[in-house]
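J.: here you go, sequence then predicted model.
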Amino acid sequence: MKSHHALKLLLGIYIFVFFAYLFGPLIIMSVTAFNSAEFPAVTPWECFSWRWFTDGKVTYDGQRLAGLMADTKLHDGILTSLQIALGVVLLSVPIGMAAAIVLTQLNSKIRTLFYSVAIMPVLFPGVVIGISTVVLWDRIASMTGGGAMTDIGRNGVFLTILAQTCFISTYCFLIFVARLQRFDKTQEEAALDLGASQTQVFVKILMPYLMPAIASSAVIAFLYSFENYNTTVFSILSDQTLTTVIASKVRLGISPAISALALVIIAITLTAAISYEVLKRREERRLTKIRQMQLHQTMPSDRLKQNQKTSFKLPKSMFLILLSCFGVIAGGNYLATNNLYGEKCILAADEAKKSNFADQLKLLQQNIGNEVTTSPQSGTTTGSQEFNNIFGDPNLFKNFGGFDSKTEK
Amino acid sequence: MQNFLAKNGPIISTYFLIAISFWIIFLIIIPQIYMLDLSFRPNLPPLLRGGEEDVYTLTHYKHFLFGSETSKDAYNFVDLNVFFKTLATAVVITVLSLFFCYPIAFYIAKVAEHKTARFLIVSLIVPFWINELLRAFALRILFAGEGVINNALLNAGLMDNAINFIGQDVALFTGLTYAYLLLMMFPLYNALESLDTNQLEAAKDLGSSTLRTHWRIVIPHAKAGIASGSTMVFMLTAGALATPVVLSSPNTFWFTQLIYQWFNMNDNWSRGAAYSVLLLLVSVIFVLLMMKIFRIKVGEIVK
C-alpha cells in the first residue's frame, strides 16, 4: 500500500514537471515582453514597459528595433498570411469533403489504395512539398515563356496556397471521414425514393449533416496554414508571410518585440481554447438538464425535483480571477513605488547604458594607443591577432549573434 | 464509372472528379515527379535548359556520397555526417518523446477523473497551437549566451563562465523535443483511451505487477498509437526547419538547412531537389519500417 502512495506521488511530481516544461518557457518569454531592455531577458530587469507592443525603440547606436504597432513588415506579413489561409480554406475543405465522400462509395480494394494516396502528403516532409511545388511551377512558367501563366507560376502567394493545400486537404479529409463513418445511409435512400434528385440529396441532406465537419475542418485548415513555415519558406519566393518575417527577425538577432508578438498569439489561443471549453460545457449542461426534465416527466414523484434546488454556489474560477486581479494591483503598486515603470525609469536606464557605452569606447581608444606603441616590438604577428587585444573585454563580441561567426582559416 | 455517375448525379459527380483529380494528380503526384526529374539533371542556367547538356546524370547523388571532384576525401564526410546526425537525433528524440509522454497519456486516459483529464487535455492543446518558431524562440531566450538560464546560474554563483548551450546543440535537441512532444501525446492518448479498464483490474486481481500489466496489456493495446506517434515525431523532427533555423549554432547544420542552402543561397535547385528526394526516401523507408515492426496498415498510422 505504501509503495502505491509513493508511486502516486512520483506520478504527481512528474506531471507537474512535464507541464512546467511545456509552459515554463512560454511564461518566461511572455515576461520578457515587458522588460524595456533590448535583449529579451528577465534579469537584469530594466523597466516595466509596453514599448515592444507599441513603437519599439531606437537604440543608442542608432539601430531601430520596431515594436508591434510600428512594424509595417510584420503587418504586411500578417495580411499575406491571411490571404493564403483564406485561399487554402476555400480549396482544401471542398477537396477534403469530395475525397471523403467518394471514399465511402469505393469498393474495398480501390478504397485502401485511394486512402493511402490521400494520406500520403501528411507523411511527406514539409520542405519536400514546398520544393516540389516550386520546381513544377518554375517549369510551367519557363515553358509558357511570358504571359499570364508565367506570372502565376512565379507568384509566391499562389504557389504557397497550392503547396499548403496539398497536405492540409488531408487533414480536412480525415475530419470528414470520421464524421461520415456515423452517417445513416438510409436517409439518402429515403430521400431518393421520395423523388429527390441526387443534387438535392447532396445539398439538403448530406451537406447539413456534414456542417460541423465543414466548420471544424475550415478552422483547422486556417490554423495549419497560418502557422506553417517549412513549406511556405520555399514556395513563397520573394513575398513574406508572418512566419517568414518572424524567422528572418530571429535570424538577425533576437528582439523582445518577438516576445510581445508571441504573447499576443498566446493570448488569442488561450481565449479561443477557454471559450471553446466553456461553450462545450454549457452545451453538455444543457443536454443533461433536458435529460433530467424528461426523467421528471416520466417519474411521478418529486424527489428528483427537490435535488435541483441547490443554493447558489460561487464558481471556483471567481477566486482565481480575484486572485489574479489582486496580483496585478500589487505588482503595479510595487513597480510604481520602486520607480520601475514609466518614462523616468527608461530615461535613467538609457543614460546608464550610454555612459557604459562611452566607457567601453574610451577603453577601446586607450588600448589602441597602447597597441600602437607596443606593436613595433611584437613584429611579425598577423593583423587579426594583434587587434584581438584592443577590446577591453576579449569576450565582448563573442556571443554577438548578428554576424556569421565562422572564422577564417 | 456509370455507377458513380448514377449515384451522384451529373453536377455533384463533376465537382467530385475535378476536386479529387486536381488534388491527387496536380498537387500530390506531378510535383513529386518533377522534383525527381530535376534531381537527375545538371544545374544549368535557364538559357541552356533543354539544350544538349541537359541530359540525365547522377552528379548530385554522387556529390552527396563522394563530395565535389576537387576534394581529396574519399567520401563527402560533411554532408554524410549531417545526414546521419539528423537521422540519429530524430530517432533518439522519437524514443525520448515516447518515454516522456507515456506516463502522462496513461494518466489522462485511465487514471485521472473526467474533469481533470479535460483540463489537462486543454492545457496540452494550447501550446500545440502556438507557432513552432515562437516556441523555439522561447527556448532561445532561455539558452542564449546571456539568456535566462546562464544568468540565473551565474547569479547564483554555481559557475564562473556562461555555458554555450547553442554551440553544444543542447538548445537544438531540447527545442526539437519541445516542438513535437505533443504529436506523440495525442495518438498515444487516443489509443490508451480505448483500453477497457476492466482488463487492468483483472490483471491486478490475478496478481500481476504494475510493470507487467503495462508490458503485457497496455503497451500491446497502444501499439497503433505508438506507431502513429513515432512516425509523426520522426518525420517532423527529421524534416524540421523552423526549430533548427532558430536554435542551431552557425557551424552545425540540420539536413533541411543543407537543402535550404542549396536551394536559396547557392541557387543550385537540382542539387536541392536531389537532397529532398533523399529526405523523402528516408521518410518512406521509416513508414514502411514502422508498418513492418508493428504489423499495422498505413491507415492506422494517420488517423
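T.: Received it, and whenever you're ready, just let me know what you need. Numbering: from 1, shown residues only, chains lettered A, B, ... in the order given.
J.: show me the shaky parts of chain B.
T.: B:1-2, B:45-53, B:69-72, B:303 (pLDDT under 70).
J.: and the strands in it?
T.: Applying DSSP state E to chain B gives no strands.
J.: next one: phi and psi at residue A:35?
T.: Note on residue A:35: its backbone torsions stand at phi -90, psi 130 [degrees, to the nearest 10].
J.: hmm, residue A:51 and it touching each other?
T.: No: Residue A:35 lies out of contact with residue A:51 (Cβ atoms under 8 Å); the separation is 9.8 Å. For every residue, glycine as well, the C-beta is placed using N, CA and C.
J.: excluding sequence neighbours, find me the nearest residue to the most centrally placed residue in chain B.
T.: Nearest to the mean C-alpha position of chain B, by Cα atoms, centre = their mean, lies residue B:236 at 1.5 Å. Among residues not flanking residue B:236 along the chain, residue B:180 sits closest, at 4.9 Å (Cβ to Cβ, 6 or more residues apart in numbering or on different chains).
J.: how much space between the one you found and chain A?
T.: 12 Å (Cβ to the nearest Cβ, to the nearest Å).
J.: residues contacting that residue?
T.: For residue B:180, the contacting residues are B:93, B:97, B:232, B:233, B:236, B:237, B:240, by Cβ atoms under 8 Å, 6 or more residues apart in numbering or on different chains.
J.: burial of residue 287, as a residue count?
T.: You didn't pick a chain, so chain A it is. Residues within reach of residue A:287, counting by other Cβ atoms under 10 Å in any protein chain shown, total 10.
J.: not quite, go with chain B.
T.: Using other Cβ under 10 Å as the criterion, the residues surrounding residue B:287 number 19.
J.: cool, residue B:150 as well?
T.: Neighbour tally, residue B:150, other Cβ under 10 Å: 21.
J.: quick check: it touching residue B:163?
T.: Yes: using Cβ under 8 Å, residue B:150 makes contact with residue B:163 at a distance of 6.3 Å.
J.: tell me if residue A:226 really is in a helix.
T.: Yes: Residue A:226: assigned to a helix according to DSSP: H, G, I helix; E, B strand; the rest coil.
J.: spit out the contact partners of it.
T.: So residue A:226 contacts A:81, A:82, A:85, A:242 (Cβ under 8 Å, 6+ apart).
J.: just to check, the third one is in contact with residue A:225?
T.: In other words, residue A:85. Yes: if you go by Cβ under 8 Å, residue A:85 and residue A:225 touch, sitting 4.1 Å apart.
J.: give the residues shared as contacts by those two.
T.: The contact lists of residue A:85 and residue A:225 share no entry, where a contact means Cβ under 8 Å, 6+ apart.
J.: could you dump the contacts of residue B:180 to JSON lines with distance to residue B:111?
T.: Below are the contacts of residue B:180 laid out as JSON lines (distance: Cβ to Cβ, whole Å):
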{"residue": "B:93", "distance to residue B:111": "26"}
{"residue": "B:97", "distance to residue B:111": "20"}
{"residue": "B:232", "distance to residue B:111": "25"}
{"residue": "B:233", "distance to residue B:111": "24"}
{"residue": "B:236", "distance to residue B:111": "28"}
{"residue": "B:237", "distance to residue B:111": "29"}
{"residue": "B:240", "distance to residue B:111": "32"}
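J.: ok, the closest residue to chain A within the stretch 151-300 of chain B - how many residues close by?
T.: Closest to chain A within the stretch 151-300 of chain B is residue B:239: 2.9 Å, counting by Cβ to the nearest Cβ. Counted with other Cβ under 10 Å, residues neighbouring residue B:239 total 25.
J.: contacts only, for the closest residue to it other than its chain neighbours.
T.: Computed as Cβ to Cβ, 6+ apart, the closest residue to residue B:239 that is not its neighbour in sequence is residue A:125, at 2.9 Å. Residues counted as contacts of residue A:125 (Cβ under 8 Å, 6+ apart) are A:230, B:235, B:238, B:239, B:256, B:276, B:279, B:280, B:283.
J.: surely the third one and residue B:280 touch.
T.: Meaning residue B:238. No: in this structure residue B:238 lies outside contact range of residue B:280 using Cβ under 8 Å: 10.5 Å.
J.: which of the contacts of residue A:226 fall in helices?
T.: In helices, defined here by DSSP state H, the members of the contacts of residue A:226 are A:81, A:82, A:85, A:242.
J.: ok, the second one to chain B distance?
T.: The reference is to residue A:82. 15 Å.
J.: check the gap between that residue and residue A:102 for me.
T.: From residue A:82 across to residue A:102, the span is 31 Å (Cβ to Cβ, to the nearest Å).
J.: got it, and the last one?
T.: When Cβ to Cβ is applied, the distance between residue A:242 and residue A:102 equals 34 Å.
J.: between those two, who's got more neighbours?
T.: residue A:242 (27 against 19).
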